[in-house]
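Student: sequence first, predicted model second:
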Amino acid sequence: MQPTTAKWFAALFGAALVYAIIRYHIAGDVSWEHFPLFILNKATSLAAVLFVASSYLIGKVFHWHDHDRAMRLVVIKFCGLVGFFLAGVHAFLSLALLSPAYYGKYFVPDGRLNLEGEIALAVGVIALFLLLAPAITTLPMMPKAIGGRRWKRNQRMGYVALLFVVAHLVALGWRGWLAPSGWNGGMPPISLVAVTAALVPLLVKRKQIKEKRERQQSAD
Ligand code: HEM
């Protein structure tokens, strides 16, 4: 890791960790006993979304590295790969914790997942799988191996992955989002913070496509 990427890691993972600690341990009543897995998993999942979203926003919304194109590319790659890695860690931790004792609201009384739980896990697995495409194609030999067009298509797969992440979060979180009186310390649930972060690159992309279409139409 170079100093710039280390700063990105400290800022995004640090922000997610601090948010999770304040919301669940300080403002909420989750015991510190559950920090190593349960709370760290919340921070990891939020950081995963923040990193993936950032990798699509650097150069479009975040202009801090515009003066140095090589560094910008390094940071974009770093954010995408770390996002994918953290999403994988989150999937492992979640599956280790997956039980009514930790996630009662996603289970029915006989111990099986309810509809929201099943949908959330199914789309979560798809999102993780889709994130593989942009992650693998960041390998240095890939643009040459698969050609520019396919490389770009694979990189864009991250947007489709973000759509599935949004579905994952809506299925898991929508009930809690509609009950702000129950939010610890008035702080929005991590799922709501994450869905907002995931929607930003999707909306920016939509705007870009719309503008491109308008430009093409006026040129015709
Ligand atoms: C195999 C794939 C996945 C599984 C099994 C999985 C499982 C889970 C589970 C069980 C939860 C509920 C956690 C809780 O309420 O504390 C959750 C929440 C979450 N997941 Fe996933 N997930 C997967 C993929 C992903 C991916 C790819 C992302 C994003 C890149 C993601 C981001 C999140 C976020 C931000 C939350 C909200 C955490 C919270 O509300 O506290 N997940 N996931």
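Tutor: Sure thing, it's come through. Quick caveat, the model's predicted, so the values are computed rather than measured.

Student: roughly how far apart are the residue of the chain found nearest the ligand and E116?
Tutor: Residue nearest to the ligand within the chain (CB to the nearest ligand atom): G124, separated by 2.9 Å. Backbone N, C-alpha and C define where each C-beta goes, glycine included. Noted for G124: a distance of 12 Å to E116, by CB to CB, to the nearest Å.

Student: just checking, the residue of the chain closest to the ligand touches G88?
Tutor: No. Taking contacts as CB atoms under 8 Å, G124 lies outside contact range of G88: 11.4 Å.

Student: those two: which has the busier surroundings?
Tutor: G124 (22 against 16; other CB atoms under 10 Å).

Student: element containing the closest residue to V61 other than its chain neighbours, please.
Tutor: Nearest non-adjacent residue to V61, counting by CB to CB, 6 or more residues apart in numbering: V204, 6.2 Å away. Secondary-structure element containing V204, defined by DSSP states H and E: helix 190-219.

Student: that older thread, can you tell me the closest non-neighbouring residue to the residue of the chain closest to the ligand?
Tutor: H168 (4.4 Å).

Student: tell me the contacts of that neighbour?
Tutor: When contacts are counted by CB atoms under 8 Å, 6 or more residues apart in numbering, H168 touches 120, 123-124, 127.

Student: same question, I136
Tutor: 142, 154.

Student: ok, it to L81 distance?
Tutor: I136 is 10 Å from L81, by CB to CB.

Student: one more: A48?
Tutor: Counting by CB to CB - A48 and L81 are separated by 11 Å.

Student: okay, those two: which has more neighbours?
Tutor: Set side by side, A48 and L81 show more neighbours around A48, with 28 against 19, by other CB under 10 Å.

Student: from memory M157 sits against F129, does it?
Tutor: No. Counting by CB under 8 Å, M157 does not reach F129; the two are 9.9 Å apart.

Student: higher neighbour count, the two?
Tutor: Higher neighbour count among M157 and F129: M157, with 18 against 12, using other CB under 10 Å.

Student: what does this structure have sitting close to the ligand?
Tutor: Those residues of the chain that sit near the ligand, judged by CB under 6 Å from any ligand atom, are 42, 45-46, 48-49, 52, 87, 90-91, 94-95, 98, 103, 121, 124-125, 127-128, 165, 168-169, 172-173, 189-191, 194.

Student: can you do 5 Å?
Tutor: 42, 45, 48-49, 87, 91, 94, 124-125, 127-128, 165, 190-191, 194 (CB under 5 Å from any ligand atom).

Student: which of the residues you listed are buried, as a PyMOL select command?
Tutor: Listed next is the PyMOL selection for buried residues among the residues of the chain next to the ligand, using 16 or more other CB atoms under 10 Å:
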select buried, resi 42+45+48+49+87+91+94+124+127+128+165+190+191+194
